[in-house]
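Student: Below are the sequence and a predicted model for it; my questions follow.
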Amino acid sequence: MAGIVDFEALSAEPREALHADPSIRISWVRADRLPPGCSIAATYDASTSPASIAVAEDASVGRRRFSLLHEYAHHLRDQVFEVLDVLFDHPRPAELEEKICDAFASRVLVPDSARATAFVDGVTARSVVSLMQTCSASAQAVAVAAAESMSLPGYVVLLNAAGEAEFAARSGDMFPARRGAPQTGMLKRAAEGVVVRGIAPLDLGGGSTTGELNVESAVGPGCVVAVMVDGPAPWDTFSAGRRASSKPTDGWCDRCTMEFTSYQPACENCDELKCPSCGGCGCPDKSVSGERLCDRCFTIQPAAAYESATATACRNCSS
């Protein structure tokens, strides 16, 4: 990006600044043309020449800016070898890449000086709302900035009026929450505008939840902010530390013909858990590399169901 796009111009108006980069083309589209269930109001396509970013035209100005910068970070990924090395070595590269892109957009829109001033006494729901009110960045950008400023693992969650987690920025190695994951109990009350403090889990969607976390909420512009932390909370001197581990969910893989336990949310398309061995779920297009027909039971089995790459009978038939 150096020498192509001016950083100050990018912070002020990303769309205008990115005209200076001939490797990317930006267009405005209706929201229904974007992938469903995505917390980002834009999508990136590297297969076109130049690469293209489509942004939802009916999103708020702040959300359009955050979403555009998030997708531009995807575009920059292959140009930064250090980032590629980190992603290659990470066990969940796609998840990490999304977090990196959120961080890039937030860093551009919410400068370090604003973060330092807003969170001088720690990240609380009230301090997040205060920054939203004084900063031109989107609520999503501020949530990411707040999560990056937290000293302990946790979340900064934006709740909508329906009681759903519209966006959840993470601090530390926490599991991602699916956009639109319905909440219950304390977080549902918070979404209704009731300011809460206490202990509650976050529903990640797909049947998975976190452990109990310390929670504080505050009503922000257009959303409710809930800050959730695993450990002593800055809003309560005597708050207890809580484990933030996700509760496991039991599943069954038809391809591997085995039960398994997963800590990951279910597939967004079919709502079934992904098998940790073969990666398959309930989607019909989830073909597995190496699958083949067993010459004894005459069923198609994944590579993991065979003793070796040359075996013609599956494990069940061979035993």
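Tutor: Okay, I see it.

Student: quick one, domains of this protein?
Tutor: Listed by automatic domain parsing, the domain ranges of the chain are 7-97, 110-229.

Student: Please compute how far the shortest one lies from its chain's middle.
Tutor: This points to domain 7-97. The chain centroid and the centroid of domain 7-97 are separated by 14 Å under Cα atoms, centre = their mean, to the nearest Å.

Student: same deal with the last one?
Tutor: Here domain 110-229 is found 13 Å from its chain centre; the criterion is Cα atoms, centre = their mean.

Student: Quick check: end-to-end length of that domain?
Tutor: One end of domain 110-229 to the other measures 22 Å (Cα to Cα, to the nearest Å).

Student: ok, back up a step: nearest to Tyr306, out of the domains of the chain?
Tutor: In terms of Cβ to Cβ, the element of the domains of the chain nearest to Tyr306 is domain 7-97, at 24.7 Å. For the C-beta atoms, the positions are set from N, CA and C on the backbone; glycine is no exception.

Student: which regions of the stretch 201-319 of the chain lie under the pLDDT threshold?
Tutor: 237-249, 255-258, 262-265, 268, 276-278, 284-291, 301-304, 319 (pLDDT under 70).

Student: Kindly recompute the last result at 90.
Tutor: 205-208, 221-222, 231, 236-319 (pLDDT under 90).

Student: how about the helices in it?
Tutor: For the stretch 201-319 of the chain, the helices defined by DSSP state H, counting those that start in this stretch cover 315-318.

Student: The stretch 51-200 of the chain now?
Tutor: Secondary structure of the stretch 51-200 of the chain (DSSP H, counting those that start in this stretch): helices at 61-76, 81-89, 93-109, 112-118, 125-134, 139-148, 185-191.

Student: Arg25 touches Pro50, doesn't it?
Tutor: Yes - the criterion here is Cβ atoms under 8 Å, and Arg25 meets it with Pro50 at 5.1 Å.

Student: quick revisit: nearest to Pro221, out of the helices of the stretch 51-200 of the chain?
Tutor: helix 125-134 (5.7 Å).

Student: quick one: average pLDDT of that closest one?
Tutor: Average pLDDT, helix 125-134: 93.

Student: Same question for stretch 72-80.
Tutor: 88.

Student: Figure out the length between the terminal residues of it.
Tutor: Note: stretch 72-80 ends 13 Å apart using Cα to Cα.

Student: sorry, back to before: tell me the most buried of the domains of the chain?
Tutor: Per residue and on average, the most neighbours among the domains of the chain fall to domain 110-229, with a mean of 21 (mean count of other Cβ atoms under 10 Å).

Student: if we can go back for a sec, mean pLDDT lowest for which of the domains of the chain?
Tutor: domain 7-97 (a mean of 85).

Student: related to what we said a few turns ago, make JSON lines from the helices of the stretch 51-200 of the chain and add distance to Ser318 to it.
Tutor: Shown next, in JSON lines, are the helices of the stretch 51-200 of the chain (distance: least, Cβ to Cβ, whole Å):
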{"stretch": "helix 61-76", "distance to Ser318": "45"}
{"stretch": "helix 81-89", "distance to Ser318": "36"}
{"stretch": "helix 93-109", "distance to Ser318": "35"}
{"stretch": "helix 112-118", "distance to Ser318": "59"}
{"stretch": "helix 125-134", "distance to Ser318": "58"}
{"stretch": "helix 139-148", "distance to Ser318": "50"}
{"stretch": "helix 185-191", "distance to Ser318": "50"}
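
Student: From Leu213, how far off is the residue sitting nearest the centre point of the chain?
Tutor: The centre of the chain sits closest to Pro176, judged by Cα atoms, centre = their mean, with a distance of 4.9 Å. According to Cβ to Cβ, to the nearest Å, Pro176 and Leu213 sit 15 Å apart.

Student: How about the residue nearest to the centre of the chain, nearest residue that isn't a chain neighbour?
Tutor: Glu95 (6.1 Å; Cβ to Cβ, 6 or more residues apart in numbering).

Student: if we can go back for a sec, hang on, the residue nearest to the centre of the chain packs against Leu96?
Tutor: No - judged on Cβ under 8 Å, Pro176 makes no contact with Leu96 at a distance of 10.3 Å.
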